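# When you get a sec, could you give me coordinates for this:
(2 chains)
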Amino acid sequence: MHYSMMFLPTVRETPSDAEVISHQLMLRAGVIRKLTSGVYSYLPLGYRVIRKFEQIVREEMTRAGAQEVFLPTVQPAELWQESGRWTHYGKELLRFRDRHDRECCLGPTHEEVITDLVRNEIKSYRQLPLNLYQIQTKFRDEIRPRFGVMRCREFGMKDAYSFDTDEEGAEISYRKMFDAYNRIFTRCGLKFRPVEADTGSIGGSFSHEFLVTADSGEDAMVYCTRCDYAANLEKAEVPRPEQKQANAKDFLPLEEVCTPDVRTIEEVCAFLKVTPQDVIKTLIFNADGKPIAILIRGDKEVNEIKVKNFLGCDELELAMDDMILEVTKSPRGFAGAIGIKCRILADYSLMNMKNFVMGANKEDHHVKNVNFRRDFTVKDFVDLRAVQEGDVCPRCLSAMKFARGIEVGHVFKLGTKYSKAMKAHYLDKNGQEKIMIMGCYGIGIGRTVAASIEQNYDGKGIIWPMAIAPYQVIITPVNVREESLAKASEALYQKLQGQGIEVLLDDRDERAGVKFMDADLIGIPIRITIGPKNLAEKKVEIKIRRSGEVKILGLAEVEAFIVNTIKEEM
RNA sequence: CGGGGCGUAGCGCAGCCUGGCAGCGCGCCUGCUUUGGGAGCAGGAUGUCGCAGGUUCAAAUCCUGCCGCCCCGACCA
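Okay, here's the model as predicted:
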């Protein structure tokens, strides 16, 4: 491509509304432009990157045995009503009516459509397993789009869906996708980590997120410093402490104390001269309209997702004052387990506590020296708390570290959530009707590209990894008005293109400095500078964008060197 | 949806408080000079000051309503 012909608007100044580096650089380097909130156009340079990444995804999907399909964007409400998600998906699902007043939506994901397709065509175990994937635009009406293409409303996504006859088959399908994802992100030169994750509204039983490590990432994870345990913070488990037999002889007498206007843990500790480790927090939640009390040690925080998953409820929020009054007979700030009028869940952190402090379910009162069994009983201790700095690995008890990342891929074992609701059945060897076992596997296309920039940039601009670079080489004649330079550049351009190399020839009548700046900004991995001094000796300069390394090579050696360098970096 | 901010030339912004000629830098166009890290000089074009209404002799500026965008939170994966 000749740069002078290319629609590649670069911008010197940083647009004021771009917060993260990838967003700023994508705008500056002419990769994307915004149309409206959360909706972006990809310009030629950006679209080349997208297509290169998609190509890698296609190759690895094919290698893993998946077949590409192309599915509708507009979907009828009936399908979503069948799966139950018409009511459950919420406002992110953009709904509208067509001219016949039929309810429709824009597909935010395609489980319903694919399940419908497969149930209509697949009848026998002989036709399974099957893995179909699509690379398409999806729409989620995000409450607040942000970070450019990273969290937007309209976005490109690869989704694969697997159908198996049984659990073992589903495990194999899942593993294949898991491996494929590792290959895909490795090929793109990304530093990433698969972590155990919560399944959220997609549903299902088991899941991994692929997080590209970046401080700007929206996801927090913990990982073990010794074994390979890594989990999203929402999912991260806490090891179950060993339960020691409490000796009733150590129990001090229960004592109610007046604590006027003392509500928070800090206030209680200051007032009673105890530490947060001596106090039990009693939090009243509203779970689908029913009150539930969560007991947790004063220095810990509740992980609401764990509570939600344990209860299997749809909605969970801290209770309003009227509900608190109803179950504790006291205002907010004095809840405790003794005599409370609702179900109680206790976190692991309480297991070996004795003589602790908690609310008295009475205004301006707390109780001291509370003990299990004697004062109240807990059926079972559950892991309900948010992992904190200092927590150890649930698998091997070694130290864990915190990190942030960008979710670029997510694999789910769906089980029968959709196949059951939508009756995706097949006949097994014995002529028995069985439900298919499903999995789904997504990759955010634009988001991965943005994540790659978050990991590959410097003060001058983007540094594309070779595998997804829009062009592998940029040829920069220092002055196109000098015919010898222009000619030599054009000749080299033709020669490299003949080798199948993707080359951008900067034939603009611009000053050298401008061209260098643009070449750095748009992040082409290899720059060949053609200047008068070197050319007089039949030499050119090669500069590697990432390392800044410079080489002077004879014209005859250039081709081999470039071919080699590209091969090494792919 | 709650809180905050912004909307003035293609981009980045000043002007608004205290009403009185529509500005600056970059970019763009023309010419000359310059040509290996965002050139210099000279000349030039570009505005529904987000939209609508109101106050006023006079509104970018004050008032009301609406729209759009950004940030924080809630939400979502």
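# where exactly do the helices run in the stretch 301-450 of chain A?
A:304-311, A:321-328, A:417-421, A:445-455 (DSSP state H, counting those that start in this stretch).
# excluding its backbone neighbours, what's nearest A:S484?
Counting by C-beta to C-beta, 6 or more residues apart in numbering, A:L535 is the residue found nearest to A:S484 once chain neighbours are left out, at 6.3 Å. C-beta: built from backbone N, CA, C; applies to glycine.
# check whether the helix or strand harbouring the one you found contacts RNA strand B.
If you go by DSSP states H and E, A:L535 is part of helix A:532-536. Yes. Helix A:532-536 is in contact with RNA strand B by C-beta under 7 Å from any atom of the strand, via A:P532, A:K533, A:N534.
# How is A:T137 assigned, secondary-structure-wise?
Taken by DSSP: H, G, I helix; E, B strand; the rest coil, the conformation at A:T137 corresponds to strand.
# got the contact list for it?
Contact analysis of A:T137 by C-beta atoms under 8 Å, 6 or more residues apart in numbering lists A:T73, A:E154, A:F155, A:G156, A:M157.
# just to revisit the earlier point, output the contacting helices and strands for the helix holding A:L535.
Contact partners of helix A:532-536 among helices and strands, from 3 or more C-beta pairs under 8 Å, 6 or more residues apart in numbering; DSSP states H and E: helix A:483-498.
# Buried residues, the helix it packs on. List them.
For helix A:483-498, the neighbour count (16 or more other C-beta atoms under 10 Å) marks A:L485, A:A486, A:A488, A:S489, A:E490, A:L492, A:Y493, A:L496 as buried.
# How far does it sit from its chain's centre?
Relative to its chain's centre, helix A:483-498 lies at 44 Å (C-alpha atoms, centre = their mean, to the nearest Å).
# Kindly export it (C-alpha atoms) in CSV.
In CSV, the C-alpha atoms belonging to helix A:483-498 read as follows (Å, rounded to 0.1, in the frame of the first residue of the first chain):
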residue,chain,number,x,y,z
GLU,A,483,14.2,10.5,-7.7
SER,A,484,16.9,8.0,-6.7
LEU,A,485,15.3,7.6,-3.3
ALA,A,486,11.8,7.3,-4.7
LYS,A,487,12.8,4.8,-7.3
ALA,A,488,14.8,2.6,-4.9
SER,A,489,11.9,2.7,-2.4
GLU,A,490,9.4,1.6,-5.1
ALA,A,491,11.7,-1.1,-6.3
LEU,A,492,12.2,-2.5,-2.8
TYR,A,493,8.5,-2.2,-2.1
GLN,A,494,7.7,-4.3,-5.2
LYS,A,495,10.4,-6.8,-4.3
LEU,A,496,9.2,-7.4,-0.7
GLN,A,497,5.5,-7.6,-1.8
GLY,A,498,6.6,-10.2,-4.2
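# So is that helix next to RNA strand B?
No. Using C-beta under 7 Å from any atom of the strand, helix A:483-498 stays clear of RNA strand B, with a minimum separation of 8.6 Å.
# Then stretch A:33-50?
Yes. Stretch A:33-50 is in contact with RNA strand B by C-beta under 7 Å from any atom of the strand, via A:K34, A:T36, A:S37, A:G38.
# which residues of chain A score low on pLDDT?
Low-confidence segments of chain A (pLDDT under 70): A:200-205.
# Would you mind giving the domain segments of it?
Following automatic domain parsing, one gets these domains for chain A: A:13-237+A:402-453, A:248-382, A:471-569.
# Now do the longest strand anywhere in chain A: distance to the chain's middle.
Secondary structure of chain A per DSSP state E: the longest strand is strand A:400-415. Chain-centre distance of strand A:400-415: 6 Å, with C-alpha atoms, centre = their mean.
# List the buried residues of it.
Quick answer for strand A:400-415 (16+ other C-beta under 10 Å): A:400, A:403, A:405-415.
# ok, A:L397 - how many residues close by?
Using other C-beta atoms under 10 Å, A:L397 is surrounded by 12 other residues.
# ok, now A:A467?
By other C-beta under 10 Å, 21 other residues sit near A:A467.
# Does it belong to a helix, a strand or coil?
Three-state call for A:A467 (three-state DSSP): helix.
# Pretty sure A:V49 is one of the things it touches, is it not?
No. Counting by C-beta atoms under 8 Å, A:A467 does not reach A:V49; the two are 10.2 Å apart.
# which residues touch A:S173?
Counting by C-beta under 8 Å, 6+ apart, A:S173 has contacts A:P129, A:N131, A:S162, A:D164, A:G439.
# Between which two of these is the distance greatest?
Greatest spatial distance among the contacts of A:S173 (C-beta to C-beta): A:P129 and A:G439, at 9.9 Å.
# quick one: common contacting residues for the two?
A:S162, A:D164, A:S173.
# Make JSON lines from the residues you listed and add secondary structure to it.
Listed next are the shared contacts of A:P129 and A:G439 as JSON lines, based on three-state DSSP:
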{"residue": "A:S162", "secondary structure": "strand"}
{"residue": "A:D164", "secondary structure": "strand"}
{"residue": "A:S173", "secondary structure": "helix"}
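# Could you dump those into a markdown table with distance to A:M353 added?
Formatted as a markdown table, the shared contacts of A:P129 and A:G439 follow (distance: C-beta to C-beta, whole Å):
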| residue | distance to A:M353 |
| --- | --- |
| A:S162 | 46 |
| A:D164 | 46 |
| A:S173 | 45 |
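# from those, which single one is nearest RNA strand B?
Set against RNA strand B, the nearest of the shared contacts of A:P129 and A:G439 by C-beta to the nearest atom of the strand is A:S162 (17.2 Å).
# Assess the claim that that closest one and A:G439 are in contact.
Yes. The criterion here is C-beta under 8 Å, and A:S162 meets it with A:G439 at 4.3 Å.
# tally of neighbours for the closest residue to A:N355 other than its chain neighbours?
Excluding its sequence neighbours, the residue lying closest to A:N355 (C-beta to C-beta, 6+ apart) is A:N369, at 4.5 Å. Using other C-beta under 10 Å, the number of residues around A:N369 comes to 15.
# ok, so what distance separates A:N369 from RNA strand B?
Applying C-beta to the nearest atom of the strand, to the nearest Å, the value for A:N369 to RNA strand B is 35 Å.
# Next one: that residue from A:N232, what distance?
As for A:N369, its distance to A:N232 is 39 Å (criterion: C-beta to C-beta, to the nearest Å).
# tell me, how many neighbours does A:V563 end up with?
A:V563: 15 neighbours (other C-beta under 10 Å).
# The closest residue to it other than its chain neighbours - how many residues pack around it?
Using C-beta to C-beta, 6+ apart and skipping residues adjacent in sequence, the residue nearest A:V563 is A:Q499, 6.0 Å away. For A:Q499, the count of nearby residues is 12 (other C-beta under 10 Å).
# residues in contact with A:Q499?
A:Q499 touches A:E559, A:I562, A:V563, counting by C-beta under 8 Å, 6+ apart.
# Among those residues, pick out the one closest to RNA strand B, please.
Minimum distance to RNA strand B across those is 16.8 Å, recorded for A:I562 (C-beta to the nearest atom of the strand).
# Using the three-state scheme, assign that closest one.
From three-state DSSP, the assignment for A:I562 is helix.
# Serialize the domains of chain A to a markdown table and add fields for distance to A:C393.
Output for those, formatted as a markdown table (distance: least, C-beta to C-beta, whole Å):
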| stretch | distance to A:C393 |
| --- | --- |
| domain A:13-237+A:402-453 | 4 |
| domain A:248-382 | 15 |
| domain A:471-569 | 35 |
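# Residues of the stretch 451-570 of chain A that sit close to RNA strand B?
Residues of the stretch 451-570 of chain A lying close to RNA strand B (C-beta under 7 Å from any atom of the strand) are A:460, A:478-479, A:481, A:511-514, A:516-518, A:520-521, A:529-534, A:541, A:543.
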